[in-house]
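Asks: Pasting the sequence and the predicted model now:
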Amino acid sequence: MELIEMDPEVCGGKPILKGTRITVKLILEVLANGWTIEDIMEEYELTREQIIHAIKYAESILEKVRAVKL
C-alpha cells in the first residue's frame, strides 16, 4: 500500500498516511464514530483516495488474522 508508511520515528511506528501524521487507526475510529469520508476529507485535508487506502490497509491486516487453538 504505497499511501501507507510506518516509520519508528513517526507516531511510534504506527501505520500512517504517507506524508502525514494521521494514523490508520484514527481514520477507523472517526468512521466508527459516524464521520463520513467527506467529514474526514474536510477536517484532515485528505483525499478520498488516502482514506480508502487506509481502510483497505486495515482490511488487508485483518485478512491475515486467524484464531489459534491453544
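Replies: Sure thing, it's come through.
Asks: Please count neighbours and contacts with C-alpha atoms only from this point.
Replies: Noted.
Asks: Go ahead and flag the most central residue of the protein.
Replies: When CA atoms, centre = their mean is applied to the chain, the residue found nearest the centroid is residue 24 (1.9 Å).
Asks: neighbouring contacts of stretch 11-20?
Replies: With contacts defined as CA atoms under 8 Å, 6 or more residues apart in numbering, stretch 11-20 is touched by 2-8, 21-25, 50, 54.
Asks: And stretch 53-61, by the same measure?
Replies: Applying CA under 8 Å, 6+ apart, the external contacts of stretch 53-61 come out as 1, 3, 4, 17, 24, 27, 28.
Asks: Off-centre distance for it?
Replies: Distance of stretch 53-61 from its chain centroid, counting by CA atoms, centre = their mean, to the nearest Å, is 7 Å.
Asks: Select the longest helix from the chain.
Replies: Using DSSP state H to define each element, the chain has its longest helix at helix 48-63.
Asks: Show me what the one helix or strand residue 43 maps to is packed against.
Replies: Assigned by DSSP states H and E, residue 43 belongs to helix 37-44. Helices and strands touching helix 37-44, as assessed by 3 or more CA pairs under 8 Å, 6 or more residues apart in numbering; DSSP states H and E, comprise helix 24-32, helix 48-63.
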